[in-house]
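J.: mind folding the following:
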Amino acid sequence: MAMPSALRAWRAARVTPLGELHTPPRMTAALLRLTVQVVLVASLWRGLYAATGTTAGLDREQAVTYAVLAVLATRVRELDQYSGRDTVLQHMHFGTIVYWYLRPLPPQRYYALRALGEQIYGFAWAIVGYAVCVAAGVVQPPKSAAVAGVFMVSLLLGQWVLYYIMLAIDQLCFFTLRNGAAMLILIFAQNLLSGVYAPLWFFPDWFITLSSFLPFQATLSVPLSLHVGRIQLSDAGTQLAIQAAWVVVLALLTRLVWRRAALRVISQGG
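T.: Numbers count the residues shown, from 1 in each chain. Predicted structure coming up:
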């Protein structure tokens with residue numbers, strides 16, 4: 001009984017990565033896009049710091065490291081589900097979401113396994129990119145083994161929080177029929193409030209205060225701030241506890257929404 005379950009889990013986890021691995025042009029495009037993003041972001045932040053030594057508590061190397069790591073981190077959850085018609089939005093539009101409820105795997109487990117496979121594949125990209133950037137001197141490594149260890153724990157917790165945030169955004173599709181624009185707005189807000197576009201400490205105080213009550217900064221800003229030294233090791237325990245608390249809260253919330261969503265599954269389109 002264990003083997004069939006493990007096999008089903010393996011097949012679900014590799015759905016999206018296989019779609020990219022079997023289309024070399026998409027992999028080439030992803031590599032070129034990632035390379036261009038890293039080069040442009042590093043050049044931008046070096047240019048911004050050309051006339052100043054320290055801004056918002058960071059020097060040039062810390063700022064460049066943060067910005068490049070943010071680019072690499074986005075690759076972890078940037079696989080193209082849309083080309084394979086495997087987004088929740090597309091399944092709801094075409095009515096194929098019903099097959100999620102007819103498979104041997106429950107829909108919530110299939111979604112989690114698929115996301116796990118995507119993150120493992122995305123982490124492989126990010127690790128290779130990180131190694132290249134460190135070797136090229138673009139990114140500064142952690143100052144100590146303790147910082148590196150705390151960073152890794154925080155990064156894993158952050159990806160866990162991000163999984164639940166993206167799940168909640170996808171679950172919105174079960175309750176709205178026209179939600180493409182709403183999802184784009186929510187994804188933009190998630191990237192902005194998590195520090196993908198710029199470190200949060202460059203924003204006004206009211207913006208920083210607002211983001212502190214939301215889970216978004218726990219996804220990326222906290223682990224990257226630990227890596228570059230913006231958050232000291234003495235404060236790491238508090239930040240990790242906050243991340244873990246958001247994991248629990250979002251897990252309970254999305255579990256409840258899954259139950260409500262099952263009652264609203266209908267076939268739209270053909």
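
J.: and residue 35, how many neighbours does it have?
T.: 12 (other Cβ atoms under 10 Å). In short, each C-beta sits where N, CA and C put it, glycine included.

J.: where's it, which helix or strand?
T.: helix 24-48 (DSSP states H and E).

J.: beyond that helix, next helix or strand please.
T.: strand 54-55.

J.: phi, psi for residue 22 please.
T.: Dihedral pair for residue 22: phi -90, psi 0, per degrees, to the nearest 10.

J.: could you tell me the model confidence score at it?
T.: Residue 22 is assigned 77 on the pLDDT scale.

J.: pLDDT-wise, which helix or strand of the protein ranks last?
T.: helix 2-13 (a mean of 69; mean pLDDT, DSSP states H and E).

J.: how about the strands in the stretch 51-200 of the chain?
T.: 54-55, 58-59 (DSSP state E, counting those that start in this stretch).

J.: just checking, what packs against the last one?
T.: If I follow you right, that is strand 58-59. If contacts are counted by 3 or more Cβ pairs under 8 Å, 6 or more residues apart in numbering; DSSP states H and E, strand 58-59 sits against no helix or strand.

J.: what comes up buried for the helix ranked longest in the chain?
T.: In the chain, with assignment by DSSP state H, the single longest helix is helix 107-135. For helix 107-135, the neighbour count (16 or more other Cβ atoms under 10 Å) marks 107-108, 110-115, 117-119, 121-123, 125-126, 129-130, 133 as buried.

J.: so, low pLDDT: which residues of the stretch 51-200 of the chain?
T.: Regions of the stretch 51-200 of the chain meeting the criterion pLDDT under 70 cover residues 76-85, 177-180.

J.: in it, which spans are helices?
T.: In the stretch 51-200 of the chain, the segments counted as helices under DSSP state H, counting those that start in this stretch are 60-74, 88-94, 107-135, 145-171, 180-194.

J.: contacts for the first one?
T.: For helix 60-74, the external contacting residues (Cβ atoms under 8 Å, 6 or more residues apart in numbering) are 34, 37-38, 41-42, 44-46, 48-49, 53, 55, 58, 125-126, 129-130, 133, 138-140, 155, 191, 195-196, 198-199, 220, 224-225, 227-230.

J.: try 6 Å this time
T.: 37-38, 41-42, 45-46, 49, 126, 129-130, 133, 138-140, 196, 199, 220, 224, 228 (Cβ atoms under 6 Å, 6 or more residues apart in numbering).

J.: which other helices and strands contact the longest helix of the chain?
T.: helix 2-13, helix 15-21, helix 60-74 (3 or more Cβ pairs under 6 Å, 6 or more residues apart in numbering; DSSP states H and E).
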